[in-house]
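Visitor: Provide a 3D model corresponding to the input given below.
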Amino acid sequence: MNLKKELYKFCEEFVNKRLQTVEEVILSNQKALQSETKSSAGDKHETGRAMLQLEMEKASQQLEGITQMKETLAKVNILKSAENICLGSVVFTEKVNYFLSISAGQLVIADTTYYAVSVSSPIGKLLLGKKINDEFIFNKKKIMITEIN
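Guide: So this is what the prediction gives:
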């Protein structure tokens, strides 16, 4: 199977798992808020509600991040091949391989390790626009780009 397609599929699954987790947290918190009843210890009740509200806000922010990831993934064209590194490029270097898409971490395909990174991440910003044989410095190490897919 096509390498880009595999990497893209991994990123899609990553986003969907995150979405499912956040949706479960939101649902759980909504149920907890609804079942929260006024107790004789009013302050305890208010504190519980406030904590749940904070959790809901945190989950909403995570949901926004996931939505942005989905939008970024939608812009990735796995059929496109370019000379210059751009969103959707698979970049091979002397040390590490990257897939410029979303920050989804490490993945292994056919015994080769790749890192799914966002174009707005520090390494993503360094890679954008580079070509084969270009060098860049990351973590005080000089790295050469050997292949772009």
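Visitor: going forward, measure contacts between C-alpha atoms and count neighbours the same way
Guide: Will do.
Visitor: run a quick neighbour tally on E64.
Guide: Using other CA atoms under 10 Å, the number of residues around E64 comes to 12.
Visitor: wait, is it part of a helix?
Guide: Yes - counting by DSSP: H, G, I helix; E, B strand; the rest coil, E64 is located in a helix.
Visitor: got the buried residues for stretch 26-35?
Guide: I26, N29, L33 (16 or more other CA atoms under 10 Å).
Visitor: could you dump these to CSV with distance to Y115?
Guide: Shown next, in CSV, are those (distance: CA to CA, whole Å):
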residue, distance to Y115
I26, 29
N29, 33
L33, 39
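Visitor: so for stretch 125-135, mean pLDDT?
Guide: Stretch 125-135 shows a mean pLDDT of 97.
Visitor: what comes into contact with it?
Guide: By CA atoms under 8 Å, 6 or more residues apart in numbering, the surrounding residues in contact with stretch 125-135 are 83-87, 119, 136, 142-148.
Visitor: now the two most distant members of those.
Guide: For these, the maximum inter-member distance is 22.3 Å, found between L87 and K142 (CA to CA).
Visitor: okay, the most centrally placed residue in the chain: pLDDT?
Guide: Centroid-nearest residue in the chain, with CA atoms, centre = their mean: S103, separated by 3.3 Å. Per-residue confidence at S103 stands at 96 (pLDDT).
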